[in-house]
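Asks: Sequence below, structure please.
(one chain, ligands or ions: 1)
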Amino acid sequence: MTNQNLTLISDSTSGIGVAVTVTAVSNESSPFVAARPSLQRPPATPVTGYFSISRKDLALLKKLDINGAQRINTWVESMRASSPTHILSTPALGVGAPVTEQTSWMLDYPSALDMFEQIIDASRGKQIVMFLDYDGTLSPIVDDPDRAFMSDKMRATVKRLAKCFPTAIVSGRCRDKVYGFVKLAELYYAGSHGMDIKGPARGSKHKKNGKGFLFQPASEFLPMIDEVYKALVEKTESTPGAKVEHNKFCISVHFRRVEEKKWDELALQVRSVLKNYPKLLLTQGRKVLEIRPTIKWDKGKALEFLLESLGYANCDDVFPVYIGDDQTDEDAFKILRERGQGFGILVSKFQRDTSASYSLQEPTEVMDFLQRLVEWKRLAVQA
Ligand SMILES: O=P(O)(O)OC[C@H]1O[C@H](O[C@H]2O[C@H](CO)[C@@H](O)[C@H](O)[C@H]2O)[C@H](O)[C@@H](O)[C@@H]1O
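Replies: So this is what the prediction gives:
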């Protein structure tokens, strides 16, 4: 079964930022579904993406009654659907377990822990480069975004990882804030969904010489983001539990602590501010609406940029691994599929359409996987 889902629409004429997401339920015959993972797999057809829409198409969408109210509904419904309280838990995959959609999904996106040996085989002779999302990947999801701390054990693991492989954090958060959580100077950091990169000196092949550089492709949007942040704070203050987070080049409006019956109201408040800013795009994450500039830049572009900065632009012998839990991480998974290099690992307890190749259920499993990589590298160096 293929399930196509219009999430947001970019309207360049009326100025409302638009993103369209096509979602697919796992089905090998569907052109939208990533192929069963194979270490020599061909690039998969992109599953999600943002694109601008012509006047003609927009008129058609309007005819189909895809109006503002419906869009709000779609965001909110999508947020509800992705909330674990609305997803029925399914039996774990095991001998005798009934074949449910979840178990079949696990066959398509097996655990990276179970597939560790195969992953290592595929990386042989290549330089592994690690890309890690922060929230929901290195730290558990919590109610208060300001208290999304990673454990000391996770930090120690990531520190050891960075001694073995070039390692970057790629987050929707403001770069300084995510650095404040991770606190490891030996990593590279891409904040604001990749729009604020502190990377190595270009072509430095991971030789840290203190001459890192800053890359901020959306800097012209700073005044606009500040203005919209203030407007959103003011507009949403009447909604108990709503929180607006300034992520420098992006803004997050959090729904997690808002009563569900107030979600539509909050989404409408956000939309009423955003309608005056055609150059900003609205996307939806884990109980959050995210606002960002409409420039063609995302976590996938950030990954490519960092690879290039590290001197691996046109190399066949690089093996990037990207681990993330969010919709925005799909841009990076897609790039890896398109390049036919390395792979993505989706952190999720529940089945989801994804361009990743493997899965891990939660941050503790991410830590186990990273520890195994470190241990493998230690033994490989000794051998
Ligand atoms: O790219 P990421 O590092 O995954 O950042 C994406 C968003 O993560 C944060 O929000 C999410 O985590 C919060 C803390 O666990 C949780 O309360 C919230 O519901 C989640 O959506 C962050 O606060 C956002 O600004 C990031 O954009």
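
Asks: For the stretch 251-383 of the chain, which residues are neighbours of the ligand?
Replies: Proximity of the stretch 251-383 of the chain to the ligand, by CB under 6 Å from any ligand atom, involves residues 252, 254, 256, 285-288, 290, 326, 328. Every residue, glycine included, has its C-beta placed from N, CA and C.

Asks: So which of those residues is the closest to residue 106?
Replies: residue 326 (20.0 Å; CB to CB).

Asks: what's around that closest one, how many residues?
Replies: 23 (other CB atoms under 10 Å).

Asks: Contact partners for residue 241?
Replies: 256-259, 262 (CB atoms under 8 Å, 6 or more residues apart in numbering).

Asks: Where strands are concerned, which of the residues of the stretch 251-383 of the chain next to the ligand count?
Replies: Judged by DSSP state E, those include 252, 254, 285, 288, 290 as members of strands.

Asks: sorry, back to before: among the contacts of residue 241, find me the one that's closest to residue 73.
Replies: residue 262 (14.5 Å).

Asks: Then the closest one would be within a helix, right?
Replies: Yes. According to DSSP: H, G, I helix; E, B strand; the rest coil, residue 262 belongs to a helix.

Asks: Pull up the gap between the residue lying closest to it once chain neighbours are set aside and residue 268, please.
Replies: Sequence neighbours aside, residue 239 is the residue nearest to residue 262 in space, at 5.7 Å (criterion: CB to CB, 6 or more residues apart in numbering). Per CB to CB, to the nearest Å, residue 239 is found 10 Å from residue 268.

Asks: same thing with residue 238?
Replies: 12 Å.

Asks: Could you list the buried residues of the helix or strand where residue 234 lies?
Replies: Here residue 234, judged by DSSP states H and E, is contained in helix 222-236. Within helix 222-236, the residues that count as buried by 16 or more other CB atoms under 10 Å are 225, 228-229, 231-233, 235-236.

Asks: So which residues on the stretch 51-200 of the chain come close to the ligand?
Replies: 133-136, 141-143, 145, 148, 171-173.

Asks: who's in contact with the residue nearest the centre of the chain?
Replies: Taking CA atoms, centre = their mean, the centroid of the chain lies closest to residue 329, which sits 2.1 Å from it. By CB under 8 Å, 6+ apart, the residues touching residue 329 are 133, 170, 299, 322, 344, 346, 356.

Asks: cutoff 10 Å now
Replies: By CB atoms under 10 Å, 6 or more residues apart in numbering, the residues touching residue 329 are 131-133, 136-137, 170-172, 193, 285, 298-300, 303, 322-323, 344-347, 354-356.

Asks: Sitting in strands, which of those do you find?
Replies: 131-132, 170, 285, 322-323, 344-347.

Asks: rewinding a little: just the buried members of the contacts of residue 241?
Replies: 256, 258, 262.

Asks: What is the nearest of the residues you listed to the ligand?
Replies: Using CB to the nearest ligand atom, residue 256 comes nearest to the ligand of the buried ones among the contacts of residue 241, at 4.0 Å.

Asks: What about the closest residue to that closest one other than its chain neighbours, how many residues nearby?
Replies: Closest residue in space to residue 256, ignoring its immediate chain neighbours: residue 287 at 4.3 Å, by CB to CB, 6+ apart. Residue 287 has 20 neighbours, counted by other CB under 10 Å.

Asks: how close does residue 287 get to residue 78?
Replies: 11 Å.

Asks: on that earlier part again, which of the residues of the stretch 51-200 of the chain next to the ligand are buried?
Replies: Here, 16+ other CB under 10 Å leaves 133-136, 141, 145, 148, 171-173 buried among those.

Asks: Tell me which two of those sit farthest apart.
Replies: Among those, 133 and 145 lie farthest apart (CB to CB), at 14.4 Å.

Asks: re the thing from before, compare residue 239 and residue 268 and say which one has the larger neighbour count.
Replies: Legend: neighbour count by other CB under 10 Å for residue 239 and residue 268, higher for residue 239 (18 against 14).

Asks: Export the longest helix along the chain to CSV, keeping only CA atoms.
Replies: The longest helix of the chain (DSSP state H) is helix 363-382. Extracted C-alpha coordinates of helix 363-382, given in CSV (Å, rounded to 0.1, in the frame of the first residue of the first chain):
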residue,chain,number,x,y,z
PRO,A,363,19.6,6.7,22.3
THR,A,364,20.8,3.9,24.5
GLU,A,365,21.0,1.7,21.4
VAL,A,366,22.8,4.5,19.6
MET,A,367,25.4,4.5,22.4
ASP,A,368,25.8,0.7,22.1
PHE,A,369,26.3,1.0,18.4
LEU,A,370,28.9,3.8,18.8
GLN,A,371,30.7,1.8,21.5
ARG,A,372,30.9,-1.2,19.2
LEU,A,373,32.4,1.0,16.5
VAL,A,374,35.0,2.3,18.9
GLU,A,375,35.9,-1.2,20.1
TRP,A,376,36.1,-2.5,16.5
LYS,A,377,38.5,0.3,15.6
ARG,A,378,40.6,-0.4,18.7
LEU,A,379,41.0,-4.0,17.7
ALA,A,380,41.6,-3.1,14.1
VAL,A,381,44.5,-0.8,15.1
GLN,A,382,46.0,-3.5,17.3
